[in-house]
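> My questions are about this predicted structure, shown below with the sequence.
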Amino acid sequence: MKKLKNIYSGALLIALGLVFYVYAIRKGGFPESDLVNMSFVWGPLAVFGTAGFLTLNKKRPLLLSISWGIWSVVMLFVFFVIIWPML
C-alpha cells in the first residue's frame, strides 16, 4: 500500500508541478494549441493519482487507476477534437 501511495502522490505532484509551471511561472505564455497538448500530459496524471487514492481499498487499485487515466485521455480527445471545434 505504501508503494502505491508513493506512486499516486508522485503522479499528483508531477501534474501539479506542470500546472504550476505553465500558469504561475510562465503565466500562460504558451499558444492555445500548446496548452491543449500539455493537458494530455498533466490531466491523465492528475486523474491517475486521484483515482489511485480513491480506489486504494479496492481489489486492484493500480489497474483501476490506470484505466481511469486512459479513460481521461479518451475523454480529453473527444472534447478537444470533436466537441471544441463545434463551439
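Yep, it's here.
> what does stretch 20-32 rub up against?
Counting by C-beta atoms under 8 Å, 6 or more residues apart in numbering, stretch 20-32 makes contact with 35, 38, all of which sit outside it. Placement of C-beta: from N, CA and C, glycine included.
> meant to ask about stretch 33-47
Judged by C-beta under 8 Å, 6+ apart, the contacts made with stretch 33-47 from elsewhere in the structure are 11-12, 14-16, 18-19, 22, 28, 30, 68-73, 76-77, 80.
> switch to 7 Å and redo it
The contact list for stretch 33-47, computed with C-beta atoms under 7 Å, 6 or more residues apart in numbering, reads 11-12, 14-15, 18-19, 22, 68-69, 72-73, 76, 80.
> try stretch 63-70
Contact with stretch 63-70 is made by 8, 44, 47-48, 51-52, 55, 58, as judged by C-beta under 7 Å, 6+ apart.
> could you show me where the helices are in the chain, in order?
Assigned by DSSP state H, the helices in the chain fall at 2-20, 32-54, 61-77.
> got the buried residues for stretch 64-75?
For stretch 64-75, a neighbour-count test (16 or more other C-beta atoms under 10 Å) marks 64-65, 68-69, 72 as buried.
> Kindly report the same for stretch 20-35.
Neighbour count says stretch 20-35 has residue 22 buried, by 16+ other C-beta under 10 Å.
> Report the mean confidence score over that stretch.
Averaging the model's pLDDT scores along stretch 20-35 yields 86.
> okay, how far is it across that stretch, tip to tip?
As for stretch 20-35, its first-to-last residue distance stands at 13 Å under the measure C-alpha to C-alpha, to the nearest Å.
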